[in-house]
Structure formats: structure tokens, C-alpha cells
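>>> Got a predicted structure here, sequence first:
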Amino acid sequence: MVQRILEDGKLTEFDVVVVGGGPAGSACAAELARGGCVTALVDADSSPHGWAGESLPPGSTSLVNSVLGPLLTKEGPHTVAHGTGASWGSDEFVITDFIMNPLDDAWILDRVAFDADARSAASHGGAHLFVARAQSHVAQGDRWHVTCRSPNGTRGQLSARILVDSTGRQSFMAARMGARRRKFDRLMAMIAVSDRPGDSRAGTSIESCRSGWWYTTPLPSGGRVTAFLTDADLIPDHRERREFWRNSYEATTYIRNFVSLPDRSESLEIHTYRADTSVLVADENRNQGPTRLPPWLAVGDAAASWDPLSSQGLMTGILMGAKGARAILDGPSAVVRWREDVALLVEEHQALQNHYYSTEDRWPNEEFWRRRRQIV
Ligand SMILES: Cc1cc2nc3c(=O)[nH]c(=O)nc-3n(C[C@H](O)[C@H](O)[C@H](O)COP(=O)(O)OP(=O)(O)OC[C@H]3O[C@@H](n4cnc5c(N)ncnc54)[C@H](O)[C@@H]3O)c2cc1C
């Protein structure tokens, strides 16, 4: 990976600065560089994912490989997923085998490796990669000035005509411009990562329960991720969380048979992450009148993030990143059209999500499910 060094006290000029080198930011930077735009990609490289595995549905290989190059190959480190299983809407466990799927392979990713490779692909494609944290930004005339700090403490400024926020759910840059997020739910993921592989025949598996749903995914490196998804206010106080997670886990019918966890007496770390559906709402007034800002846009989770039930976050982020870049390359009217496309994408996603939730009607009076039925 070719990395640029942030020079202390120096201002370096670009056409576009993309802040956040997750899959969406890397896709955006790769496409911009391909289109001839002098692009900086800034990533804090802080391994945002406490869990190492995520899956990509059938049909993702061609999109990923066309935007970022051949990252998904059978040589690894990712593994091909042969199907998924779910107990959802009934007590039965239904396996969906991908063998009959006409689309290309599905994958279980090593997320840390995937993100590093995506940044590397953007930098090989011509984007200037800085390992640094963007700390603040200001508009000066028709340009953005972004102050960044590298891990060794040097602090420099990157200047550009256009700013892209791809910092994930926190939408770090947009939030500092007054944009807020509209939240549709308060879903949280309580995740345990174990180095025990559990049942090797069980791929990504889902099971709904009274107060939410469970999933487990094998990791390409061995081991397993097991997660309980429920609403923030249904999770007890920090001291009781492990017990709550364990009790709910032991009440599952299938998940507990696929997963192999240490005994209750041994330590098991459970980390809680946001997993809500939320959409960035930009304050349009700030873009008009005397306080008019230079152009900026948000891509990936920074623009809209989804409940992980659909396993669409990565694909949508990569697509949004690449299309956002094309809109920047094509000019202001294309950016307006692109914003409309994103709004449509959000609508479609929500319709899909509501559909999934509407197919589970065994516990209509339980708080978690009652809330989802109200959205429908
Ligand atoms: C529990 C859970 C399970 C999921 N499972 C799946 C799944 O199986 N399949 C799927 O497709 N999706 C899944 N998702 C969704 C997926 O993780 C996200 O959609 C995806 O990571 C979004 O990519 P992104 O590039 O927009 O943001 P991120 O992956 O969050 O990347 C943001 C990047 O910005 C960098 N950054 C942040 N702030 C700064 C700053 N100030 N300066 C510099 N850099 C900064 C971070 O270091 C990071 O690299 C899941 C989500 C959750 C919560």
C-alpha cells in the first residue's frame, strides 16, 4: 500500500478529500482517481470492527471486483458461503442453498483484511492515502480545509474543492456541519467473538426470538461471531448484560447448538454496537445564502445505515461510494440526481426491511416486534 506522509504544518491541495477509508470511502476514492480527479483518502485505520466477520450476498463479487479490483478470490482470505439458514416466522430451520442461485458467489469476509485491501486498491488506482484522523474542517472561500493528525502526532491540512464524508454511522464530518441523523429504530448488536468454530456445517444462521433475533457467522480464520440484536432500551444495565445475553442465548433452539462457547464460569467478552437504521438529514439552509458551503456529500453508512438483517450494508456502501464519485466527476446537476437516487435507495431498503420483519408474527405483543409492526 502506498501511503502518503502527513507533513507537519503543511497544506496539501487536492480536488477531493474523502474522509473515511471503509468500503464506501475506498470505492469512492478509487472511482474518483480512475476518473482523473486528484483525490486524498484519509483513514484513521482504527479497526472500527470489533467483530471480524461479515457476509456478502450472492451477486456481490462482480460489483466489488469492478470497483475495487479482484478482492474476492477463492485464494482467500475470505471464504465462499454456500448458503444461509434461518428460523424466522416459524419454529422450523430453513436452509437456503446458494448452489441454485444464478448470481455469483456469496462470501464470508475477513472484514479487517477486506477494508485494508480496499484502501490498498484505491491507493494503487491513484488515490493519495493518508493514515490519519480528520479532526476538524472549515470552509475557506470555495475550498475545504481538513485538519488531520497522523498516529505519530504530525498534524497537517488537506485542502479540496469537494469533501466526501465516509466516516461510517457517526458521519463525523457532516455532524460537524449541523447535519443530524433520523433514526428509525434503536437496534443494538451485542456481539461475542469466540475462537471456537462450533458446528462446521452451520454457515450464517439467524433465529428470531421474543425480544429480537440472533445470528452467528463462522470466521474465515476459524472461530465464530455470535450476536444478539435487540433494542437499546430492552438491554439491561452494564453489570447485568452478560447474564442477559447468556440467558437469551440458552433459550435459543438452534443458535446454541451451532455455537461452542466457554462455560458460564469462564470469561466471555460481549461488546455492544449500534445497529439501527438511520439516515443523514443535511441542513440544506447551510448550503445557501451568504454562508454557502463548498460542495460535500456523504456515502455509505455516513449517509444511511441499515439494520444488518438484510446483509446489504457493504454492497450498498460500495455502490453509493462509486456512484457518488461518478456524480462528482459529472458535475453539480449529477450530484443533485445522485441525492435523489440515494433517497430512493433508502426508501427501497426500508420497504425490504419492513417486509422481512412483517414475516415474523409469532410475538405480536412483545415490545420488540410490536414496534416493528407499527413501522410496517
Ligand atoms: C452488527 C452488524 C453486522 C453487520 N453485518 C453485515 C453483513 O454481514 N454484511 C453487510 O454487507 N453489512 C453488514 N453490516 C453493515 C456494514 O458493517 C456497514 O454497512 C459497512 O461497514 C459500511 O461501510 P462504510 O465504509 O460506510 O463505513 P465503515 O465501515 O464504518 O468505515 C468508516 C471508516 O471511516 C474511518 N473514520 C471514521 N472517522 C474518521 C475520521 N475522523 N478520520 C479518518 N477516518 C475516519 C474509520 O476508521 C473506518 O475505516 C453490519 C453492521 C452491523 C452493525
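Happy to help now that I have it.

>>> So residue 242 versus the ligand, what's the distance?
18 Å (CB to the nearest ligand atom, to the nearest Å). C-beta: built from backbone N, CA, C; applies to glycine.

>>> Near the residue lying closest to that residue once chain neighbours are set aside, how many other residues are there?
Leaving out its chain neighbours, the residue that sits closest to residue 242 by CB to CB, 6 or more residues apart in numbering is residue 270, at 5.7 Å. Residue 270 is flanked by 17 other residues according to other CB atoms under 10 Å.

>>> contacting residues for residue 346?
Residues in contact with residue 346 (CB atoms under 8 Å, 6 or more residues apart in numbering) are 279, 304.

>>> could you give the mean pLDDT of whichever strand or helix holds it?
Residue 346 is located in helix 332-358, with elements delineated by DSSP states H and E. Over the span of helix 332-358, the pLDDT mean works out to 90.

>>> Please name the residues that touch the residue of the stretch 101-250 of the chain at minimum distance from the ligand.
Nearest residue of the stretch 101-250 of the chain to the ligand: residue 168, at 2.5 Å (CB to the nearest ligand atom). Taking CB under 8 Å, 6+ apart as the contact definition, residue 168 lies against 20, 22, 48, 300, 301, 302, 305.

>>> And it, what's its pLDDT?
95.

>>> how about stretch 317-327, does it reach the ligand?
Yes. Against the ligand, stretch 317-327 shows contacts by CB under 6 Å from any ligand atom at residue 317.

>>> got it, and stretch 96-114?
No. Judged by CB under 6 Å from any ligand atom, stretch 96-114 makes no contact with the ligand; its nearest approach is 7.4 Å.

>>> Check which residues of that stretch are buried.
For stretch 96-114, burial by neighbour count (16 or more other CB atoms under 10 Å) applies to 98, 104, 105, 106, 107, 108, 109, 110, 111, 112, 113, 114.

>>> So the closest residue to residue 196 other than its chain neighbours versus the ligand, what's the distance?
Spatial nearest neighbour of residue 196, excluding adjacent residues (CB to CB, 6+ apart): residue 260 at 4.2 Å. Residue 260 sits 21 Å away from the ligand, going by CB to the nearest ligand atom.

>>> Kindly confirm my reading that residue 260 is in a helix.
No. Applying DSSP: H, G, I helix; E, B strand; the rest coil, one finds residue 260 to be coil, outside a helix.

>>> just to revisit the earlier point, quick one: check the helix holding residue 346 for contact with the ligand.
No. Judged by CB under 6 Å from any ligand atom, helix 332-358 makes no contact with the ligand; its nearest approach is 11.1 Å.

>>> Pull the distance from that helix to the chain's centre.
Distance of helix 332-358 from the chain centroid (CA atoms, centre = their mean, to the nearest Å) equals 16 Å.

>>> Could you check the helix or strand following that helix and say which residues are buried?
Counting by DSSP H and E, the element after helix 332-358 in chain order, helix or strand, is helix 367-375. Of the residues in helix 367-375, those with enough neighbours to count as buried (16+ other CB under 10 Å) are 368, 369, 372.

>>> Take those and lay them out in JSON lines including distance to residue 195 and pLDDT.
As requested, those are exported to JSON lines (distance: CB to CB, whole Å; pLDDT from 0 to 100):
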{"residue": "368", "distance to residue 195": "30", "pLDDT": "97"}
{"residue": "369", "distance to residue 195": "34", "pLDDT": "96"}
{"residue": "372", "distance to residue 195": "34", "pLDDT": "91"}
